[in-house]
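# give me coordinates for this.
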Amino acid sequence: MKAPVIVAACLIGGSFSVTAQDFVHLKTGESTACEIEAITDKVLILRLPGVGGAGSAKRTLKMDRVDFIEFGYESGEEAVFKKLDRISAPILETWWVFHLAHLHRPRSRAAAYGIALGDALLRESPGTSGEKALTLFDRVIKEAWAEEDKSAARRGRLRALIAMGNFDTAVVEAELLASESEDPDMLLEVKYLLAAADFERLKALQEEHPKWMEDDEVRPERNEIYHRIIDQYLWPHLFHATRAEEAARGLLAAGDVYAFAGEVELARAAYLDLGELYPESSSQIEAAERLSSLSSTE
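Numbering: from 1, shown residues only. Okay, the predicted model is just below:
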């Protein structure tokens, strides 16, 4: 790991080369390269490399002197960490277990692995892994050091609840998050997840009542859910159009809802708008595929 280092004389008591993979940052502002041999919440045992690679020195520090630790990447880990959203669950679980003991420590990568693992489980086997993913997200919420990791885990928890079919709880928690947060990223994500929960509810309702159009009690409920979904999915496009990824994702999802409802022209319009307005978004390829699929069914 390459980083500017100030060798803490008071810590190491001599001059050493900077070749070790870990970095310890003290509350004094000093830092040193080292190899961490053991760590608890009370003490840190590290080994400092000698000049020219000759010899080394072992030191023990009280953790109350340490501000944070930069753990060096293990062999092959950096490539995994740079593309967490594309790594399979078994590989992510290996690294989650490896870093788990450091989940509560500042700058730890454990939370990122836990969140990525939860997402991978939901992506790869949503019907069977919801509970395991929920447990992961809950642990990150409870123990992670960084608030941004806790926020990401809360959003993951909502996705897990939706995958488990626990829509009522997901909606209540999403609405609570939206009311408590002034973070636009959080609000955009929560609205998207609320719409996703409503879409699952809509599909379940229509499956249970295939003749909903003829049912005077079910039809108003179905229509209310349907229009609420569309409003939530289109909200980024209508009110945060400069947020290209979120707006495009919402348009894609709205098109899917239109297609599910048999509103083919509205679906086509949503996919076309996405391609024209957000051609660089990650949703553009899927929108083009949906358009092609619509054309082939006509």
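# next up, the contacts around residue 261.
Listed by Cβ atoms under 8 Å, 6 or more residues apart in numbering, the contact set of residue 261 reads residue 226. The C-beta positions use only the backbone N, C-alpha and C, and glycine is treated the same way.
# all numbers from here: first residue = 766
Sounds good: first residue 766 from here, last item residue 1026.
# and it, backbone torsions?
phi -80, psi 0 (degrees, to the nearest 10).
# please apply the same query to residue 838.
Note on residue 838: its backbone torsions stand at phi -70, psi 140 [degrees, to the nearest 10].
# show me what the helix of greatest length in the chain is packed against.
Taking DSSP state H as the criterion, the chain has its longest helix at helix 949-973. Applying 3 or more Cβ pairs under 8 Å, 6 or more residues apart in numbering; DSSP states H and E, one finds that helix 949-973 makes contact with helix 912-928, helix 932-945, helix 983-1004, helix 1009-1025.
# which stretches of the stretch 866-1015 of the chain have low pLDDT?
By pLDDT under 70, the stretch 866-1015 of the chain has no low-scoring segment.
# hmm, residue 1059 is touching residue 1033, no?
Yes. Assessed by Cβ atoms under 8 Å, residue 1059 is found in contact with residue 1033 at 5.7 Å.
# overlap of the contact sets of these two?
Here residue 1059 and residue 1033 share no contacting residue, scored by Cβ under 8 Å, 6+ apart.
# thinking again about what came up before, dump the helices and strands packed on helix 949-973 to a markdown table, plus mean neighbour count and distance to residue 863.
Shown next, in a markdown table, are these (neighbours: other Cβ atoms under 10 Å; distance: least, Cβ to Cβ, whole Å):
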| stretch | mean neighbour count | distance to residue 863 |
| --- | --- | --- |
| helix 912-928 | 21 | 17 |
| helix 932-945 | 16 | 30 |
| helix 983-1004 | 17 | 37 |
| helix 1009-1025 | 22 | 31 |
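# I'd like the ones you listed laid out as CSV, including distance to residue 857.
Below are those laid out as CSV (distance: least, Cβ to Cβ, whole Å):
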stretch, distance to residue 857
helix 912-928, 13
helix 932-945, 23
helix 983-1004, 28
helix 1009-1025, 23
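# to residue 856, which of those helices lies closest?
Set against residue 856 and scored by Cβ to Cβ, these come closest in helix 912-928, at 18.1 Å.
# right, and residue 798 touches residue 787 too?
Yes. Under the criterion of Cβ under 8 Å, residue 798 is in contact with residue 787, at a separation of 7.2 Å.
# these two: who's more crowded?
residue 798 (23 against 18; other Cβ atoms under 10 Å).
# distance of that one from residue 960?
Residue 798 sits 48 Å away from residue 960, taking Cβ to Cβ, to the nearest Å as the criterion.
# over to residue 932?
As defined by Cβ to Cβ, residue 932 lies at a distance of 12 Å from residue 960.
# what helix or strand is the residue lying closest to residue 1024 once chain neighbours are set aside located in?
Of all residues not flanking residue 1024 in the chain, residue 1032 sits nearest, at 4.1 Å (Cβ to Cβ, 6 or more residues apart in numbering). If you go by DSSP states H and E, residue 1032 is part of helix 1029-1042.
# just checking, next helix/strand downstream of that helix?
Using DSSP H and E, the helix or strand that follows helix 1029-1042 in sequence is helix 1049-1061.
# what does that following helix contact?
1013, 1016-1017, 1020-1021, 1024, 1029, 1032-1033, 1036-1037, 1039-1040, 1043.
# just give me the closest of those residues to residue 897.
residue 1021 (26.6 Å).
# so residue 806, which of the three states?
Following DSSP: H, G, I helix; E, B strand; the rest coil, residue 806 is assigned to coil.
# from the chain's centre, how far out does stretch 948-960 sit?
13 Å (Cα atoms, centre = their mean, to the nearest Å).
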